[in-house]
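Novice: Turn this into a structure:
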Amino acid sequence: MADHALLEMRHINKLFPGVKALSDVDFTLRKGEIHALMGENGAGKSTLIKVLTGVYQNDGGEIRVEGKNISIRSPQDAQNNGISTVYQEITLCPNLTVAENMFIGREKDVFVHNRRREKRANELLGELGIPARGSQMLGNCSLAVQQMVAIARAVDMNCKVLILDEPTSSLDDKEVNVLFGLMRDLKARGVGIIFVTHFLEQVYEVCDRITVLRNGELVGEYLTEELPQVQLVAKMIGKDLDEISSFGEVEEKEFSDADIFYEAKKLSSSDALPFDFEIHKGEVNGFTGLLGSGRSESVRAIFGADKVNGGTVKINGKHVKITKPIDAMKNGIGYLAEDRKRDGIIADLSVRENIILALQVMKGFFKPISRSESEAFADEYIKVLNIKTASRETPIGSLSGGNQQKVILARWLLTHPDYLILDEPTRGIDVGTKLEIQKLVLKLAEDGVAVTFISSEIEEMLRTCSRLIVMRDRRIVGELKGSDLNQAQVMKTIAGGES
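Specialist: Take a look at the predicted model:
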């Protein structure tokens, strides 16, 4: 048993149809420590937490709390064993008071009477230093206070293990500091805290240890003070520093001194913080950063896919208003979304119907593309992109992922865009198709099309882009080009300039 181990998860496995989500994962949480659980999306963090909280049942392995083997078959089992979770989205009731939220669902407790319930709530709030009163309506409290009320509720239920899942994503710096104060207080009381976040700086500010997962497997457990940020980034994305340093200098890539096609100032959306951005005709640029850094949110703002809150946009030097996708499309912008199944393909429609979709939207549905035209368009792009399909009338849902991606590319190429945004166009497809798409991107740039290319694979970005915009915590933190376009420099910038 690990020294002072509060929670031990050993050899945890979790299978889904066709996928091994967790493979022989170990995790140890000690009494009175804040432990960061890190990894990119899909690394297995959420699955591990759901196993611990009884949402999922593990397919192998064991869980111990204070040295005792326990079986967690439901969230109630987790709660009975002192394991509580506070999620990113507040799960309390804003139309009830703070006290009512703290004791809701525990009607058998002695705190049923309003005054007694508010008195107990005020005692606990004061004890934890939470700036709220039991009689306040929860909806009138800040998000940070609502998060802390959820934590207070967990503490009052004899919480031993507290899981905080992205608790700071909607908080400002001042609110984060208040929350961290409460976390440190709970740590001093012996509570073990599992902290899940994509904010690297916060990990180094408040956490004692870090466990890293990648592709459902344990990478390792580290003392925070012994793991520099740049090494954490390397472990999360699967590149050793020695391997990175062995790379030679990337050939310097330059784009011609062409006219600026698209320029944004202080552009913001419901999910993107204000940012400035420009791209030249014939340029391939990329947004890079860890998943959750804001790269996808930024390009969605450019395309108007999310609600645009502010900023100005120029196309070819002229002010335009882009607040929805059709505005972007009519101004020569195409966008291949990150999640092709959710935002790209329409699975029940044919390859032909999926290819002509964007062009039909631009024309308007009162000007339908004729059957003969649509067949000609489909046949042309099936040939150009080497789409493997039984026929143009085959439902796209029956194609492989790589061929589905080619169909969506064909959809946008048919609109003859001046600016094409490609968000993870090569995710989940074979190496040969990846290279085909990369070659296509470079060919489009040669023809004068501006391209923004986003990929989780840094090598792919370096092979394709002449300029990289680096994002962290939903902000642009650097721009790399020329001799700075190398893996080590990208990772240093993502990690905050650390060497």
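Novice: Only C-alpha atoms from now on, for both contacts and neighbour counts.
Specialist: Noted.
Novice: mind checking the SS state of Ile437?
Specialist: Counting by DSSP: H, G, I helix; E, B strand; the rest coil, the backbone at Ile437 sits in helix.
Novice: same check, this time on the one 3 residues further on
Specialist: Under three-state DSSP, Leu440 falls in the helix class.
Novice: Against Lys266, how distant is it?
Specialist: Taking Cα to Cα, to the nearest Å as the measure, Leu440 falls 31 Å from Lys266.
Novice: Over to His280?
Specialist: Using Cα to Cα, which is the criterion applied here, His280 is 18 Å from Lys266.
Novice: So the two - more neighbours on which side?
Specialist: Shown here are His280 and Lys266; by other Cα atoms under 10 Å, His280 has more neighbours (22 against 14).
Novice: Tell me the backbone dihedrals of the more buried one, please.
Specialist: phi -90, psi 160 (degrees, to the nearest 10).
Novice: show me what contacts it?
Specialist: Ala258, Asp259, Ile260, Phe261, Tyr262, Ala450 (Cα atoms under 8 Å, 6 or more residues apart in numbering).
Novice: do you know how far it is from Ile326?
Specialist: His280 is 22 Å from Ile326, by Cα to Cα.
Novice: what domains does the record give for this protein?
Specialist: 5-243, 260-494 (automatic domain parsing).
Novice: Just put these in CSV and tack on mean pLDDT.
Specialist: Listed next are the domains of the chain as CSV, based on pLDDT from 0 to 100:
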stretch, mean pLDDT
domain 5-243, 86
domain 260-494, 89
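Novice: contacting residues for the closest residue to Phe199 other than its chain neighbours?
Specialist: Of all residues not flanking Phe199 in the chain, Asp473 sits nearest, at 6.0 Å (Cα to Cα, 6 or more residues apart in numbering). Neighbour list for Asp473: His198, Phe199, Gly292, Ser293, Gly294 [criterion: Cα under 8 Å, 6+ apart].
Novice: Nearest residue to the last one in space, please, no chain neighbours.
Specialist: Taking Cα to Cα, 6+ apart, and ignoring the residues beside it in sequence, Gly294 has Arg474 as its nearest neighbour in space, at 4.1 Å.
Novice: State the distance from that neighbour to Asp24.
Specialist: 33 Å.
Novice: neighbour count winner among these two?
Specialist: Neighbours per residue (other Cα under 10 Å) separate Arg474 from Asp24, with Arg474 holding more: 21 against 15.
Novice: And the more buried one, its phi and psi?
Specialist: Residue torsions, per degrees, to the nearest 10, at Arg474 are phi 70, psi 20.
Novice: quick one on the thing from earlier: tabulate the contacts of His280 (TSV), appending secondary structure.
Specialist: Output for those, formatted as TSV (three-state DSSP):
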residue	secondary structure
Ala258	coil
Asp259	coil
Ile260	strand
Phe261	strand
Tyr262	strand
Ala450	strand
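Novice: List the contacts of the residue nearest the centre of the chain.
Specialist: The centroid of the chain falls nearest to Gly292 when counting by Cα atoms, centre = their mean (3.2 Å). By Cα under 8 Å, 6+ apart, the residues touching Gly292 are His198, Asp473, Arg474.
Novice: now the residue nearest to the first one when sequence neighbours are not counted, what's its secondary structure?
Specialist: In other words, His198. Sequence neighbours aside, Gly292 is the residue nearest to His198 in space, at 6.5 Å (criterion: Cα to Cα, 6+ apart). Here Gly292 is recorded as coil under three-state DSSP.
Novice: mind checking how far Gly292 is from Asp473?
Specialist: Distance from Gly292 to Asp473, by Cα to Cα: 7 Å.
Novice: What of Thr168?
Specialist: 11 Å.
Novice: again, but for Thr464
Specialist: For Thr464, the distance to Asp473 (Cα to Cα) stands at 24 Å.
Novice: What of Gly60?
Specialist: According to Cα to Cα, Gly60 stands 35 Å off from Asp473.
Novice: Also Leu422?
Specialist: Counting by Cα to Cα - Leu422 and Asp473 are separated by 21 Å.
Novice: repeat for Glu175
Specialist: 16 Å.
Novice: Same question for His319.
Specialist: The gap separating His319 from Asp473 is 29 Å, by Cα to Cα.
Novice: What of Val313?
Specialist: According to Cα to Cα, Val313 and Asp473 sit 23 Å apart.
Novice: again, but for Asn486
Specialist: Asn486 is 21 Å from Asp473, by Cα to Cα.
Novice: ditto for Val299
Specialist: Val299 is 15 Å from Asp473, by Cα to Cα.
Novice: likewise Gly286?
Specialist: Distance from Gly286 to Asp473, by Cα to Cα: 17 Å.
Novice: cool, and Ile193?
Specialist: Taking Cα to Cα, one finds Ile193 at 22 Å from Asp473.
Novice: With Val176 instead?
Specialist: From Val176 to Asp473 the distance is 14 Å (Cα to Cα).
Novice: Mutual contacts of these two, please.
Specialist: Joint contacts of Val176 and Asp473 (Cα under 8 Å, 6+ apart) do not exist.
Novice: Show me what counts as buried in whichever strand or helix holds Leu444.
Specialist: Per DSSP states H and E, Leu444 falls inside helix 431-446. Across helix 431-446, burial judged by 16 or more other Cα atoms under 10 Å covers Thr433, Lys434, Ile437, Gln438, Val441, Leu442, Leu444, Ala445.
Novice: is it possible to export those residues to a markdown table including distance to Asp185?
Specialist: Listed next are those as a markdown table, based on distance: Cα to Cα, whole Å:
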| residue | distance to Asp185 |
| --- | --- |
| Thr433 | 53 |
| Lys434 | 50 |
| Ile437 | 52 |
| Gln438 | 51 |
| Val441 | 52 |
| Leu442 | 54 |
| Leu444 | 56 |
| Ala445 | 55 |
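Novice: Which residue is the nearest non-sequential neighbour of Leu143?
Specialist: Leu171 (6.8 Å).
Novice: so how many other residues sit close to the closest residue to Leu414 other than its chain neighbours?
Specialist: In space, and not counting its chain neighbours, Leu414 is closest to Leu359: 6.8 Å by Cα to Cα, 6+ apart. Residues within reach of Leu359, counting by other Cα under 10 Å, total 18.
Novice: for Leu359, what are its contacts?
Specialist: Per Cα under 8 Å, 6+ apart, neighbours of Leu359: Arg411, Trp412, Leu414, Thr415.
Novice: how many other residues sit next to the last one?
Specialist: The burial metric for Thr415, expressed as a neighbour count using other Cα under 10 Å, is 20.
Novice: isn't there a helix covering it?
Specialist: No: secondary structure of Thr415 (three-state DSSP): coil, not part of a helix.
Novice: For the nearest residue in space to it that is not next to it in sequence, give its distance to Ala328.
Specialist: Nearest residue to Thr415, sequence neighbours excluded (Cα to Cα, 6+ apart): Leu359, at 5.6 Å. Going from Leu359 to Ala328 by Cα to Cα gives 13 Å.
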